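J.: Pasted the sequence and its predicted model underneath.
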Amino acid sequence: MAKLLIMAGGMSSRMKKAEGNETLDSTLIEQANTLPKGMIGVGKDGRPFMDYLIYNAHRAGYTDVLILKNPKDHVTKPYYDQLVSENKAWGINFKYATQQIAPDREKPAGTADAIQQALEQTPEWKGERFTVCNSDNLYSVKVLRLLRENPVQNAVVSYESIALGVAPERVKAFAVIKADEESYLVEIIEKPNEEQIESARDKNGKIGVNMNVFHFNYDDILEYVTKEPFNPVRNERELPSAVMKMARENPKKVITVPVEENVPDLTSKGDITIVQQYLVEEFGDF
């Protein structure tokens, strides 16, 4: 049974900013300000964005979905429980975990913390493989299937920057992926400089960037996220850093999966209209 972990426990701080309000109706503004990003009704008849991600996962052969939610999220579980009760959940078996926030913090402690909490709350997945992704990115059936079927236990998708729509001058704002000649991960470089970008080019001169979609063995990644320290600048425990350390300490442990396609995302209100149009064109009456 193929498993997917969706990280939906963030605070959606960029989505709550006023920028972009002028292009939206009052209902979508209210949803963007109050709901988890994946639950914003950008689809047909107000269908939540995360429905499309889960539907793609279903089409890619996934049967089990674990949603890691924020402690203040009281809408996601009831919504999917209702879909299951109405037999409209594509046969998916849903599980839920909560990314608890420490008393001395105002927001979650990062993506490594998210993975650790999700796995510790789901011990029945021990020894299994699973894909993990964000709730506010719409990953394709192709990408999800490539990860599910990959023979290597641990993998990260490397999105070619131009196909992703990243202008060359903006690559510095992303995390670039450096791989060896056999496509095994060497390094994930956050906010790289020019020299680091050039060093990450593959044999065809292409730059791969990280869009936070991975595939892991439960035991392998739990070891590394558990011991991942807080980043001194962001004050969060970050998944890419844990993955990089796993690859560095275990050569040939993490494979990169090169892909050339775009990833629709819901980072801010300005993305909503773009995503709505994409969903109409790609999903029709779904």
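T.: Cool, got the structure. Numbers count the residues shown, from 1 in each chain.
J.: With only the CA atoms kept, save the helix or strand in which residue 196 is found in CSV.
T.: When elements are assigned from DSSP states H and E, residue 196 belongs to helix 194-199. Taking Å, rounded to 0.1, in the frame of the first residue of the first chain, the C-alpha atoms of helix 194-199 are listed here in CSV:
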residue,chain,number,x,y,z
GLU,A,194,26.7,32.1,-8.2
GLU,A,195,29.6,29.7,-7.7
GLN,A,196,27.4,27.2,-5.9
ILE,A,197,24.8,27.4,-8.7
GLU,A,198,27.4,26.7,-11.3
SER,A,199,28.8,23.8,-9.4
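J.: Restricting to C-alpha, output stretch 128-140 in PDB.
T.: What follows is stretch 128-140, C-alpha atoms only, in PDB (Å, rounded to 0.1, in the frame of the first residue of the first chain):
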ATOM      1  CA  GLU A 128       7.500   1.300   5.400                       C
ATOM      2  CA  ARG A 129       8.300   3.800   2.600                       C
ATOM      3  CA  PHE A 130       6.300   6.900   2.000                       C
ATOM      4  CA  THR A 131       6.200  10.100  -0.100                       C
ATOM      5  CA  VAL A 132       6.100  13.500   1.700                       C
ATOM      6  CA  CYS A 133       5.000  16.800   0.200                       C
ATOM      7  CA  ASN A 134       3.500  20.200   1.000                       C
ATOM      8  CA  SER A 135      -0.200  20.800   1.100                       C
ATOM      9  CA  ASP A 136       0.000  24.100  -0.900                       C
ATOM     10  CA  ASN A 137       1.800  22.600  -4.000                       C
ATOM     11  CA  LEU A 138       0.000  20.600  -6.600                       C
ATOM     12  CA  TYR A 139       2.400  17.800  -7.600                       C
ATOM     13  CA  SER A 140       1.700  15.900 -10.700                       C
END
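J.: Please compute how far the longest strand anywhere in the chain lies from its chain's middle.
T.: For the chain, the strand with the greatest residue count under DSSP state E is strand 208-217. Relative to its chain's centre, strand 208-217 lies at 8 Å (Cα atoms, centre = their mean, to the nearest Å).
J.: quick one: strands adjacent to it?
T.: Strand 208-217 has its sheet partners listed here by DSSP bridges as strand 129-134 (antiparallel), strand 154-160 (antiparallel), strand 175-179 (antiparallel).
J.: Compare those and report which one is nearest to residue 103.
T.: Each of the strands paired with strand 208-217 has some distance to residue 103 by Cβ to Cβ; the shortest is strand 129-134, at 26.1 Å. For every residue, glycine as well, the C-beta is placed using N, CA and C.
J.: is it true that residue 286 touches residue 56?
T.: No: proximity of residue 286 to residue 56 does not meet the contact threshold set by Cβ atoms under 8 Å, at 10.4 Å.
J.: coming back round to it: got a markdown table for the strands paired with strand 208-217, with distance to residue 12 too?
T.: A markdown table is the format used below for these (distance: least, Cβ to Cβ, whole Å):
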| stretch | distance to residue 12 |
| --- | --- |
| strand 129-134 | 11 |
| strand 154-160 | 23 |
| strand 175-179 | 21 |
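J.: Can you add distance to residue 112, mean pLDDT and mean neighbour count and give these back as TSV?
T.: Formatted as TSV, those follow (distance: least, Cβ to Cβ, whole Å; pLDDT from 0 to 100; neighbours: other Cβ atoms under 10 Å):
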stretch	distance to residue 112	mean pLDDT	mean neighbour count
strand 129-134	11	98	24
strand 154-160	14	98	24
strand 175-179	14	96	22
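J.: Nearest to residue 19, out of those strands?
T.: Closest approach to residue 19 among those (Cβ to Cβ): strand 129-134, 20.6 Å.
J.: Please enumerate the helices of the stretch 151-286 of the chain.
T.: 161-164, 194-199, 218-226, 239-249, 272-283 (DSSP state H, counting those that start in this stretch).
J.: Can you say which of the ones you listed is nearest to residue 259?
T.: Nearest of the helices of the stretch 151-286 of the chain to residue 259, taken as Cβ to Cβ: helix 161-164 at 7.9 Å.
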